[in-house]
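Engineer: give me a model of this one.
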Amino acid sequence: MSTLTIVILTKNEETNIDSAICNAKKCADDVLIVDSGSTDQTLDLAVKAGARTVFHELNDDFAAQRNFALTQTDSDWIMYLDADERLDENLCNHIINVVHENKKNSQYAMKRYMLFNGYEFHHGIFSPDCVYRLFPRDKVHWVGKVHEHPECDLSKEEEIDNMLDIIYNRYNNIDILINNAGIAIDTLFEDKTKDNFMKTLDINLIAPFLLCKKIGPKMVDNKYGIIINISSTNGIDTPYIESIDYDASKAGLISLSKNLANYFAPYVRVNTICPGWVNTEMNKNLDSDFISKEENKILLGRFANPREVANLVEFLISDKANYINDSIIRIDGGIKC
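Structural biologist: Predicted coordinates for the structure are as follows:
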């Protein structure tokens, strides 16, 4: 039978912790307190209430706290609660059913109501909202130090679907889609494997296709949308055999963009940006001699910085670019003849 751990992140929560644990135990097999240095009675009260406690330094990184919790349990499901949040009986029953059914292709949101002195808020900044809290333990990873959120593996369609569920539940519409995620696995051609090739295609081409397929029609229904696909000059010129899979994925993305610009017209503008060399994490380990060689080919004599590419994106999604569509725009500093 599948199991559930409820995680509560704490620091000096002695006022709330006992009732929080008692409430969580109504549907959890295990209650885990991840404490970041309480100096009050939080930990003593937690142990007395039957919870497990572990210490983890916060370091102003709430995502790291949540990810640490994942390593402290082997339960099939994990749920996150704040110490001042409570689950009603109906929600507890739903949670128990989800865990027992053990369908691990979904993440679950809960409608959260704000109460103060017995008064339930329904308007303004305290109006009810939806928060995602219940996950299969092996299918969630958190990013963002303060406004932490689950990370999506774009190579897995079910995670894309979960991500879109979260976004549409929270914001109703997506007006702008920027497909920017990308990987490069540079190895000798003789060492390339099918798995390498397919992994590159999954992130660089298949994921943008899926996102455009799932979001684009809703944009058309709303009669408004902007899609920016970040390709590469490697999708136009392919100078290095070591990058054959990357180059193929970026060339495919250019073709995808042109097809979608026609298919989603006239309501959705689809443009492609093709950066040359950019100082990003992907390129930080390049050999200095190789960098010098490549910079000598560029008329401006240097790699771009990410902000310069972002400026172009910012322009293309603005009203100033309302008549720019189905375009392939290079941003490479100019290449010497």
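Engineer: the helix or strand hosting Asp245 - contacts with which helices or strands?
Structural biologist: Using DSSP states H and E, the element containing Asp245 is helix 244-263. When contacts are defined as 3 or more C-beta pairs under 8 Å, 6 or more residues apart in numbering; DSSP states H and E, helix 244-263 sits against helix 194-201, helix 207-222, strand 225-230, strand 268-275, strand 328-331. Heads up, the C-betas are built off the backbone N, CA and C, glycines and all.
Engineer: measure how it sits relative to strand 225-230, angle-wise.
Structural biologist: For helix 244-263 against strand 225-230, the angle by axes from the mean of the first three to the mean of the last three C-alpha atoms, to 10 degrees is 160 degrees.
Engineer: picking up where we left off before, reformat the helices and strands packed on helix 244-263 as a markdown table; add mean neighbour count and mean pLDDT.
Structural biologist: What follows is those, written out as a markdown table (neighbours: other C-beta atoms under 10 Å; pLDDT from 0 to 100):
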| stretch | mean neighbour count | mean pLDDT |
| --- | --- | --- |
| helix 194-201 | 15 | 94 |
| helix 207-222 | 18 | 97 |
| strand 225-230 | 23 | 98 |
| strand 268-275 | 24 | 98 |
| strand 328-331 | 16 | 98 |
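Engineer: and Asn162, which of these is closest to it?
Structural biologist: helix 207-222 (11.8 Å; C-beta to C-beta).
Engineer: centre of the chain versus the closest one, how much separation?
Structural biologist: 17 Å (C-alpha atoms, centre = their mean, to the nearest Å).
Engineer: try stretch 258-265
Structural biologist: With C-alpha atoms, centre = their mean, you get 26 Å for stretch 258-265.
Engineer: about what we covered before: what residues of the helix holding Asp245 count as buried?
Structural biologist: 244-254, 256-258, 260-261 (16 or more other C-beta atoms under 10 Å).
Engineer: where in the stretch 51-200 of the chain is pLDDT low?
Structural biologist: Low-confidence segments of the stretch 51-200 of the chain (pLDDT under 70): 145-149.
Engineer: can you give me the strands in it?
Structural biologist: With DSSP state E, counting those that start in this stretch, the ranges of strands along the stretch 51-200 of the chain come out as 52-55, 77-81, 108-112, 115-116, 119-120, 129-136, 142-143, 149-150, 176-179.
Engineer: could you say which of these is packed most deeply?
Structural biologist: With neighbours defined as mean count of other C-beta atoms under 10 Å, these peak in mean count at strand 77-81, which reaches a mean of 24.
Engineer: next, the angle strand 225-230 makes with the helix or strand Val313 falls within.
Structural biologist: Using DSSP H and E, Val313 sits within helix 306-316. With the same axes, to 10 degrees as the basis, helix 306-316 and strand 225-230 are set at 150 degrees to each other.
Engineer: ok, and what's touching helix 306-316?
Structural biologist: For helix 306-316, contacts defined as C-beta atoms under 8 Å, 6 or more residues apart in numbering pick out 178, 226, 228, 230, 271, 273, 275, 278-280, 321, 324, 329, 331.
Engineer: pick out the residue closest to the middle of the chain.
Structural biologist: Glu151 (3.7 Å; C-alpha atoms, centre = their mean).
Engineer: ok, that one to Val313 distance?
Structural biologist: 21 Å (C-beta to C-beta, to the nearest Å).
Engineer: now swap in Asn59 and tell me
Structural biologist: 31 Å.
Engineer: contacts only, for Ala248.
Structural biologist: Applying C-beta under 8 Å, 6+ apart to Ala248 gives the contacts 197, 200-201.
Engineer: just those residues now: which is nearest Ile166?
Structural biologist: Using C-beta to C-beta, the contacts of Ala248 come closest to Ile166 at Leu201, 25.4 Å.
Engineer: isn't the closest one right next to Ser249, touching?
Structural biologist: Yes. Using C-beta atoms under 8 Å, Leu201 is in contact with Ser249, at 5.2 Å.
Engineer: before we move on, back to that, in a markdown table, list the strands of the stretch 51-200 of the chain along with distance to Val7.
Structural biologist: Supplementary listing: the strands of the stretch 51-200 of the chain in a markdown table, determined by distance: least, C-beta to C-beta, whole Å:
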| stretch | distance to Val7 |
| --- | --- |
| strand 52-55 | 10 |
| strand 77-81 | 5 |
| strand 108-112 | 15 |
| strand 115-116 | 22 |
| strand 119-120 | 26 |
| strand 129-136 | 10 |
| strand 142-143 | 11 |
| strand 149-150 | 14 |
| strand 176-179 | 32 |
